[in-house]
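>>> when you get a sec, could you give me coordinates for this:
(one chain, ligands or ions: 1)
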Amino acid sequence: MQNFDVFPKKSLLFAPMEGITDEPYRIALLKTFPEWDQFFTDFLRVPTVGKVNEKLIMDHYGPKIFANPHWRKKNSFQILTTPRAQTQAVVEVLESLKMDHLDLNLGCPSKKVNSHHGGAYLLSDHKGLAQVLKTIRSNFTGHFTVKMRVGYRDDNNFLETLKLIEDAGVEAITLHARTRDQLYKGFADWDYISKAVNSVSIPLIGNGDVWIVEDIEKIFEHTKCHSVMFGRSALKTPWLAKLYKEYIDKSAHIDETYLLFQRKNYLDEYFNALLSEYREFGWFENLILKRFKSFSRNLFDDYDNFETIRGNFLRSESLGEFFDHLGALK
Ligand SMILES: Cc1cc2nc3c(=O)[nH]c(=O)nc-3n(C[C@H](O)[C@H](O)[C@H](O)COP(=O)(O)O)c2cc1C
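Residues are numbered from 1 along each chain as shown. Reported below is the predicted structural model:
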């Protein structure tokens, strides 16, 4: 097996997120907050019927990212599949494109996806899981990782699943420390990440409720994981990797007043970078505004009057109005 060198130890990974991490979003972030060590496409649902060709893969990955060697190195491809879907055909295209890194989604909790035996469902179907892993491993020579939860209904077969995955030649595992049935409830239990670190010999990437700089220190310390992945927290603080690296390098000051002051500046940079990228991709104003509103959900949680602020953004009727609210932030 090759050495796992997709990203170095203690990397900070921007999680795959459906409806968010498409090509223009990833380009905006690569340009604005390059401190993130790795990005992922959201999952490509491997079709059961219909054409599988290079266009399908390239549209999902992003041709501009593919054409730029530096960006390409920092962008991984994620698929979601089922034992009946055309996994081999998709993997063959990825292989022919010499894609460096393929990640398999074993965490998606969507009822629809699970009813077709995809995402987290495969954690409860070891026969189907073994088949999918074998198909991928035997057709793909790049790096192959999985992103999983602790289990489907419960954690009963957690260690067995880890072993099956490791034995199938998977090179690293990202663990969102919840079962599928827990969805996003409560807090992720990082003890599962420690358990996984102790039970497999491949790198473990911790994921789940790592919200602030101090949490990053804590999860590394508590679990000894190789790297950390950020989902909702990366949406709340898209510059979190930058904050952490400044904190590590210079013991930068991270008091709350300063963080809010920085938030205002970084939000301006974030939305301007996104606006310019979406325009470059030919998106219409109403689509951009819809996206911006969906990004607004958690960005203002740290302000005292966050409900009013968020309400203003969500009621904006134009991008001009949205940016006026941004300008009015203190
Ligand atoms: C809007 C949204 C979309 C997501 N889409 C994906 C996806 O396409 N693939 C995936 O593996 N996980 C997906 N996830 C899960 C996240 O990658 C991550 O595992 C989860 O949010 C837990 O991390 P967090 O506590 O940092 O949010 C998604 C999460 C959110 C909130």
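>>> count of neighbours near whichever residue of the chain sits closest to the ligand?
Scanning the chain for the residue nearest the ligand gives residue 231, at 2.8 Å (criterion: CB to the nearest ligand atom). For glycine as for every other residue, the C-beta is placed from the backbone atoms N, C-alpha and C. Residue 231 has 20 neighbouring residues, counting by other CB atoms under 10 Å.
>>> same question for residue 142.
Burial of residue 142, expressed as a neighbour count using other CB under 10 Å, amounts to 18.
>>> my guess is it contacts residue 91. True?
No. The criterion here is CB atoms under 8 Å, and residue 142 misses it with residue 91 at 9.7 Å.
>>> hey, what's in contact with both of those two?
In terms of CB atoms under 8 Å, 6 or more residues apart in numbering, residue 142 and residue 91 are both contacted by the residues residue 102.
>>> now the residue lying farthest from the centre of the chain: phi and psi?
Here the chain has its C-alpha centre computed as a mean, and the residue farthest from that point, by CA atoms, centre = their mean, is residue 328 with 30.9 Å. Dihedral angles phi and psi of residue 328 (degrees, to the nearest 10) take the values phi -80, psi -10.
>>> kindly report the same for residue 220.
phi -60, psi -40.
>>> before we move on, what about the one 10 residues further on?
For residue 230, the backbone dihedrals are phi -120, psi 130 (criterion: degrees, to the nearest 10).
>>> repeat for residue 227
Taking degrees, to the nearest 10, you get phi -150, psi 180 for the backbone angles of residue 227.
>>> that one and residue 13 touch, don't they?
Yes. At 6.0 Å, residue 227 and residue 13 qualify as touching, with contact defined as CB under 8 Å.
>>> pick out whichever of the two has more residues nearby.
Here residue 227 and residue 13 are compared on neighbour count by other CB under 10 Å; more neighbours surround residue 13, at 25 against 22.
>>> is it true that that one lies in a helix?
No. With DSSP: H, G, I helix; E, B strand; the rest coil as the criterion, residue 13 is assigned strand and is not in a helix.
>>> in the longest helix seen in the chain, what counts as buried?
When secondary structure is assigned using DSSP state H, the longest helix within the chain turns out to be helix 256-280. Applying a neighbour-count criterion of 16 or more other CB atoms under 10 Å, one finds 259, 262, 263, 266, 267, 270, 271, 273, 274, 275, 277, 278 buried in helix 256-280.
>>> looking at these, which is nearest residue 286?
Closest to residue 286 out of the buried residues of helix 256-280 is residue 278 (11.4 Å), distances taken as CB to CB.
>>> which residues touch the residue lying closest to that closest one once chain neighbours are set aside?
When the adjacent residues along the chain are set aside, residue 278 lies closest to residue 288, with 4.7 Å between them (CB to CB, 6 or more residues apart in numbering). Contact criterion CB under 8 Å, 6+ apart gives 274, 275, 278, 279, 319 as the residues in contact with residue 288.
>>> any stretches of the chain with poor pLDDT?
Residues of the chain meeting the criterion pLDDT under 70: 1-2, 251-253.
>>> around the ligand, pick out the residues from it.
15-20, 42-43, 78, 105, 107, 147, 176, 188, 207-210, 230-233 (CB under 6 Å from any ligand atom).
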